[in-house]
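Participant: Generate a structure from the sequence data that follows.
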Amino acid sequence: MLEKRNRRRLLRTLLLLLTSLLIVTASASVYNVMYMQASPIPAETAKVQFVTADDSTAAGASIGTNGTYVSFNSMSGWPNATRIYEAAVGIKNFDTVARSVELKFDSWSGSTANIDYIYVKVFDDEAQQGSTINVGTVGSSTGSISIPAGETWRVQWEIR
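Facilitator: The predicted structure follows:
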């Protein structure tokens, strides 16, 4: 009788182990066939871009192919006077909602011996937006400014 009872227990334990093994195998095989795929992942067009403005040619503005950077190679100042490029470049919001931007001075190279100051300001149709950037002061920025949908603002450079 004791042997019959032990066989029953052994059989139940064996059945429990086989069931557990089946569950583990089934679970492992389910996870084995799971995968993720993401393609293609294209680069989307920038919502806010630099665009040419009235003084872009005089300032030597060269806008990058995606409109997210601009370089100037013809700016200069006058001796003992302030030269102003009122619209060296524009900033346009191509989106259907307002977007925030911040222009910030990082660094420069070359001789600054004859420069009293360089200020960069952003204007909408009526007034200056954000703070004045003092070129030469690391971290100087406009702060976050919000450009309404479809608007183009101008960036002014003052060189003395």
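
Participant: The helix or strand containing residue 122 packs against which elements?
Facilitator: Using DSSP states H and E, residue 122 maps to strand 118-123. Applying 3 or more CB pairs under 8 Å, 6 or more residues apart in numbering; DSSP states H and E, one finds that strand 118-123 contacts strand 128-134, strand 152-159. Backbone N, C-alpha and C define where each C-beta goes, glycine included.

Participant: Between those strands, which one is closest to residue 81.
Facilitator: Residue 81 lies closest to strand 152-159 among these, at 9.6 Å (CB to CB).

Participant: Residues touching the closest one, excluding its own?
Facilitator: 51, 53-54, 59, 72, 75-77, 82-93, 103, 115, 117-124, 129, 147 (CB atoms under 8 Å, 6 or more residues apart in numbering).

Participant: what about burial for these, which qualify?
Facilitator: 51, 53, 59, 72, 75, 77, 85, 87-93, 103, 118-122, 129, 147 (16 or more other CB atoms under 10 Å).

Participant: Inside strands: which ones of those residues?
Facilitator: Counting by DSSP state E, the buried ones among the contacts of strand 152-159 place 51, 72, 85, 87-93, 118-122, 129, 147 in strands.

Participant: end to end, how far does stretch 37-49 reach?
Facilitator: 31 Å (CA to CA, to the nearest Å).

Participant: Centre of the chain to stretch 69-87, how far?
Facilitator: From the chain centre to the centre of stretch 69-87 is a distance of 27 Å (CA atoms, centre = their mean, to the nearest Å).

Participant: Averaged pLDDT, that stretch. What do you get?
Facilitator: Mean pLDDT, stretch 69-87: 92.

Participant: Just the C-alphas of that stretch, formatted as CSV.
Facilitator: Extracted C-alpha coordinates of stretch 69-87, given in CSV (Å, rounded to 0.1, in the frame of the first residue of the first chain):
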residue,chain,number,x,y,z
TYR,A,69,22.6,76.8,-40.0
VAL,A,70,24.0,79.9,-41.6
SER,A,71,27.5,81.3,-42.0
PHE,A,72,28.4,84.9,-42.9
ASN,A,73,31.6,85.7,-44.8
SER,A,74,31.3,89.3,-45.8
MET,A,75,30.4,91.2,-42.6
SER,A,76,32.5,94.1,-41.6
GLY,A,77,32.4,97.2,-39.5
TRP,A,78,33.4,100.8,-40.1
PRO,A,79,36.0,102.7,-38.1
ASN,A,80,34.5,104.8,-35.2
ALA,A,81,30.9,104.1,-36.4
THR,A,82,28.3,101.4,-36.1
ARG,A,83,27.4,99.3,-39.1
ILE,A,84,24.0,97.6,-39.0
TYR,A,85,22.8,94.7,-41.1
GLU,A,86,19.1,95.1,-40.4
ALA,A,87,18.2,91.8,-42.0
